[in-house]
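In: following is a predicted model, sequence given first.
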Amino acid sequence: MTENQLLKVANLKQYFPIKGGFLGRTVNHVKAVDDVSFTINKGETVSVVGESGCGKSTTGRAILRLDEPTEGKIEFDGQDIVSMNKNEMRKMRSEMQIIFQDPYASLNPRKTVRQTLNEAMEIQDVVPKNERNDRIIELMETVGLQRHQIDRFPHEFSGGQRQRIGIARALSVNPKLIICDEAVSALDVSIQAQVLNLLKKLQREYDLTYMFIAHDLGVVRHISDRIVVMYLGKVVESGDTKAIFENPQHPYTKALLSAIPVPDPKNKSERIFLRGDVPSPIDPPQGCRFHTRCPYATDKCKTEEPLLEEKDSVMTGSHDVACHYAKDIQSGRHKPTYEMTDVRKALDEEGGDNESTGKELEDAKN
Amino acid sequence: MSENILDINDLRTSFFVEGNEIKAVDGVTLQVPEGKTLGIVGESGSGKSISALSILQLIDDPGKIVGGSIDFNGEELTDVKPSRMRNIRGNEISMIFQEPMTSLNPVYTIGQQLRESYKIHEGLGKKEGTKRAIEMLEMVGIPSPDKRIDQYPYELSGGMRQRVMIAMALACKPELLIADEPTTALDVTIQSQILELIKELQEEIGMSVIMITHDLGVIAETCDYVAVMYCGQIVEYADVETLFDNPKHPYTVGLLNSLPRHDMDQDELIPIKGSVPAPDEMPAGCRFAPRCPHASNICSQMPALETQEDGNDVRCWIYTDQWDGEKGVKVYDRESTS
Ligand SMILES: Nc1ncnc2c1ncn2[C@@H]1O[C@H](COP(=O)(O)OP(=O)(O)OP(=O)(O)O)[C@@H](O)[C@H]1O
Ligand SMILES: Nc1ncnc2c1ncn2[C@@H]1O[C@H](COP(=O)(O)OP(=O)(O)O)[C@@H](O)[C@H]1O
Ligand code: SF4
Ligand code: SF4
Ligand SMILES: [Mg+2]
Ligand SMILES: [Mg+2]
């Protein structure tokens, strides 16, 4: 463990019970996060990426203890936060803030900017009462809002401006870590660029650490130092941004990167098409969770779970991957079982089609 | 030069709310060459969906098409009879919407909905309809279509629902498919399947496509021509290579400079300053003027969409003789972005 480390997540599990039957007993679990470990150093931006439902937000919520983790360790600045009581945790929250995707839903529509920021400072009691007004104006200027907008309500702002209010609120308590959960996803590109630049500037000025949750890999490449790739509640690959983008090792990471449309008509990438859809996290596949969609899967993959370990022979140093065949795929010794670049062939593979994922999950949430 | 299947000229569609006119579409001029894909790109609220619904004559109160023409295969859609328009919709022009769940009926099975469409448009009976439905589902890559046909929409994943929507939209082999953000709600791995599928089916059927999206990556990957929309207007129309190589309108350039790329390292992004004006604050001149780094005096008047030497269209004073701003202004500087 280095001194530089701000957050350490070890073997985190978050299972949500599914109630059923007339007694409302727990009949099963959604294994939203299943044995996830990673660390974030001070001043770093670490992104967690992966498809919808893979457990990104759940991981973020568990770190803030918005949900009680089922199992695992979370250390923040050397302190074990899973065992903290409510009071200790409340104090801790001023050090860890979260910004959500939909700024409108997370701001109180009946509170002005002044009231919203005042309230945040009051709860955490970080700024003396008589200095709060000055601090609010300072915060507004920091995030690019104008002081004359101080008494306006959220609906009087555009989406990008509302996201700035959300950022100002997060900053108001002087946090060390900000978890940005799809914080720029709902914004149009021109506004998204403004907010991304702002987040980078604030990081430099206030020495902030970010955990960034995003599905847009352009945004992720731009903002991150390191990346954690998740699939169905597990980390499948993690490493430096450059290593992940330029030398991905896991078949899922490769497929994910190849699927992103390139904004350059002269440089169309060769696609890897995956068969089927993401299976249900209620009864995730045995062995490697990716085996139902993986073009390289063998019988071994169906039964033995691969460990997350260092396998990158080109760029060593903090690049881990969970695949039995990472090295052999890289060297060309292990070949795919279907033509990955033909969409028909991929779709024809029954693979991971998971009958009623949608319905079961809806039931689980209710 | 191929024929245009669709030729829209100065289309204007407004909503009349509480005594105000909201000009959702206010100067859309574009062409869709036969067999090609035209992309319409623009930020949310720029009028992409309303343009699409206007083509299909699906604008309801308090909205109204207030001007312009829509020539589809020689027919003027703004004044065909409602009965003829119903015939065009579904038979000749089909649309795929962003959210498949709202356009599939939750209480009918996939098979019932597909059969219904064949019954209405081709008068097929139950048995023939079922056979065609299975063929269609197979065509869009739904595994075991004979079983899927008896399932309800909620029993399918988002990607499968969108493929069913495509099957329905293509059921009658339309000449023009309008896809409004067909993959925005989907994960990228599913998006790539759907986009590839649309491309292959386009070749098989020989149809033309309008691809509406806010994603410049999707545009680059799938389109032959691109129309860039800003505040209800087309500001640039170009073939896809020219648009990315040599964009002319300051807004198009702003979009490209704002885009974080996954395929290259970048320094700072260069955002467009400010934000889209509210409908009641719409500038009288060039709508982009408050955000444009090049705006000059003449920009307080509305520029026209004018065809340039290379055959592409731009709505900006810089490219006219009347330009009164900086001479030889460099709108796009490739070096500074990559
Ligand atoms: N409170 C809950 N009860 C039951 N299941 C839940 C709950 N919260 C999340 N889940 C399930 O846990 C899994 C992970 O959800 P999570 O919100 O972490 O996904 P995500 O990676 O953030 O996805 P997205 O990109 O769509 O935001 C999903 O299958 C989700 O349906
Ligand atoms: N029913 C309606 N009543 C009033 N305004 C509308 C209505 N539908 C759309 N608009 C407005 O028209 C403009 C264009 O909308 P739309 O075409 O949906 O944009 P997009 O480019 O995101 O598809 C927006 O400003 C929107 O608010
Ligand atoms: S372990 Fe097997 S199934 Fe999993 S990613 Fe590697 S090859 Fe594919
Ligand atoms: S007309 Fe003027 S304000 Fe509008 S885009 Fe051109 S230079 Fe900018
Ligand atoms: Mg989430
Ligand atoms: Mg729309």
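Out: Yep, that arrived. Ligands and ions are numbered 1, 2, ... in the order given.
In: hmm, stretch A:54-61 in reach of ligand 1?
Out: Yes: interface with ligand 1: stretch A:54-61 contributes A:54-58 (CB under 6 Å from any ligand atom). C-beta coordinates here come from the backbone N, C-alpha and C atoms, glycine included.
In: mind checking which of those residues land in helices?
Out: For the residues of stretch A:54-61 next to ligand 1, the ones inside helices are A:56-58, with DSSP state H as the criterion.
In: hey, what's the most centrally placed residue in chain A bridged with?
Out: For chain A, the residue nearest the mean C-alpha position is residue A:213 (2.9 Å; CA atoms, centre = their mean). Applying DSSP bridges to residue A:213 gives these bridge partners: residue A:48, residue A:181.
In: contacting residues around it?
Out: If you count contacts by CB atoms under 8 Å, 6 or more residues apart in numbering or on different chains, residue A:213 has them with A:47-49, A:56-57, A:59-60, A:179-182.
In: what does residue B:320 give?
Out: B:303, B:306.
In: how close does it sit to residue B:307?
Out: Noted for residue B:320: a distance of 12 Å to residue B:307, by CB to CB, to the nearest Å.
In: what segments of the stretch 201-350 of chain A are strands?
Out: A:209-213, A:226-231, A:234-240, A:309-310, A:320-321 (DSSP state E, counting those that start in this stretch).
In: on that earlier part again, dump the residues of stretch A:54-61 next to ligand 1 into TSV; add neighbour count as well.
Out: Formatted as TSV, the residues of stretch A:54-61 next to ligand 1 follow (neighbours: other CB atoms under 10 Å in any protein chain shown):
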residue	neighbour count
A:54	27
A:55	25
A:56	25
A:57	22
A:58	23
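In: okay, the residues you listed in TSV with pLDDT and distance to residue B:91 next?
Out: Formatted as TSV, the residues of stretch A:54-61 next to ligand 1 follow (pLDDT from 0 to 100; distance: CB to CB, whole Å):
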residue	pLDDT	distance to residue B:91
A:54	92	41
A:55	93	45
A:56	95	44
A:57	93	44
A:58	94	46
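In: can you tell me which of those residues lies closest to residue A:164?
Out: residue A:57 (21.6 Å; CB to CB).
In: nearest to residue A:244 among the ones in helices among the residues of stretch A:54-61 next to ligand 1?
Out: Nearest to residue A:244 among these, counting by CB to CB, is residue A:56 at 15.4 Å.
In: residues touching residue 111, list them.
Out: Picked chain A for this. Here residue A:111 is in contact with A:119, A:153-154 (CB under 8 Å, 6+ apart).
In: I was after chain B.
Out: B:130, B:133, B:149-150.
In: so where's the stretch 1-150 of chain A uncertain?
Out: Under the criterion pLDDT under 70, the flagged ranges of the stretch 1-150 of chain A are A:1-3, A:103-104.
In: what about the helix or strand that contains residue B:12 and ligand 2, touching?
Out: For residue B:12, the host element (DSSP states H and E) is strand B:4-17. Yes: against ligand 2, strand B:4-17 shows contacts by CB under 6 Å from any ligand atom at B:15, B:17.
In: so what are the sheet partners of that strand and their directions?
Out: Strand B:4-17 has these strand partners (DSSP bridges): strand B:20-33 (antiparallel), strand B:63-72 (antiparallel).
In: for the stretch 1-150 of chain B, what lies in contact range of chain A?
Out: Proximity of the stretch 1-150 of chain B to chain A, by CB under 8 Å from any CB of the partner chain, involves residues B:43-44, B:141-144.
In: go again using 6 Å as the cut-off
Out: B:43-44, B:141, B:143 (CB under 6 Å from any CB of the partner chain).
In: how about the nearest residue to residue 109, chain neighbours excluded?
Out: All of this refers to chain A. residue A:154 (5.5 Å; CB to CB, 6 or more residues apart in numbering or on different chains).
In: that was the other one, I meant chain B.
Out: Closest to residue B:109 by CB to CB, 6+ apart is residue B:150, at 5.3 Å.
In: please indicate which of the contacts of residue B:111 are buried?
Out: B:130, B:133, B:149 (16 or more other CB atoms under 10 Å in any protein chain shown).
In: quick one: the second one and chain A, what's the gap?
Out: Distance, residue B:133 to chain A, by CB to the nearest CB, to the nearest Å: 17 Å.
In: and for residue A:78, the neighbour number?
Out: Using other CB atoms under 10 Å in any protein chain shown, residue A:78 has 10 neighbouring residues.
In: residues from chain A in reach of ligand 3?
Out: A:250-251, A:288, A:290-291, A:294, A:296-297, A:301, A:306, A:323-325.
In: would you turn those residues into JSON lines with distance to residue B:270 and neighbour count?
Out: As requested, those are exported to JSON lines (distance: CB to CB, whole Å; neighbours: other CB atoms under 10 Å in any protein chain shown):
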{"residue": "A:250", "distance to residue B:270": "33", "neighbour count": "27"}
{"residue": "A:251", "distance to residue B:270": "36", "neighbour count": "28"}
{"residue": "A:288", "distance to residue B:270": "42", "neighbour count": "28"}
{"residue": "A:290", "distance to residue B:270": "38", "neighbour count": "26"}
{"residue": "A:291", "distance to residue B:270": "43", "neighbour count": "25"}
{"residue": "A:294", "distance to residue B:270": "39", "neighbour count": "26"}
{"residue": "A:296", "distance to residue B:270": "41", "neighbour count": "20"}
{"residue": "A:297", "distance to residue B:270": "44", "neighbour count": "21"}
{"residue": "A:301", "distance to residue B:270": "45", "neighbour count": "22"}
{"residue": "A:306", "distance to residue B:270": "42", "neighbour count": "22"}
{"residue": "A:323", "distance to residue B:270": "38", "neighbour count": "27"}
{"residue": "A:324", "distance to residue B:270": "44", "neighbour count": "21"}
{"residue": "A:325", "distance to residue B:270": "42", "neighbour count": "21"}
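In: any chance of those residues in JSON lines, with distance to ligand 4 too?
Out: Output for these, formatted as JSON lines (distance: CB to the nearest ligand atom, whole Å):
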{"residue": "A:250", "distance to ligand 4": "45"}
{"residue": "A:251", "distance to ligand 4": "46"}
{"residue": "A:288", "distance to ligand 4": "53"}
{"residue": "A:290", "distance to ligand 4": "48"}
{"residue": "A:291", "distance to ligand 4": "53"}
{"residue": "A:294", "distance to ligand 4": "49"}
{"residue": "A:296", "distance to ligand 4": "50"}
{"residue": "A:297", "distance to ligand 4": "53"}
{"residue": "A:301", "distance to ligand 4": "55"}
{"residue": "A:306", "distance to ligand 4": "54"}
{"residue": "A:323", "distance to ligand 4": "50"}
{"residue": "A:324", "distance to ligand 4": "55"}
{"residue": "A:325", "distance to ligand 4": "53"}
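In: out of these, which one sits closest to residue A:259?
Out: Relative to residue A:259, and with distances defined as CB to CB, the nearest of the residues of chain A next to ligand 3 is residue A:251, at 12.5 Å.
In: show me the domain layout of chain B.
Out: B:105-171, B:249-337 (automatic domain parsing).
In: among the ones you listed, which gets the worst mean confidence?
Out: Among the domains of chain B, domain B:105-171 carries the lowest mean pLDDT, a mean of 86.
In: what is the burial count for whichever residue of the stretch 251-366 of chain A sits closest to ligand 4?
Out: At 21.2 Å from ligand 4, residue A:263 is the closest residue in the stretch 251-366 of chain A, using CB to the nearest ligand atom. Per other CB under 10 Å, the neighbour tally for residue A:263 reads 21.
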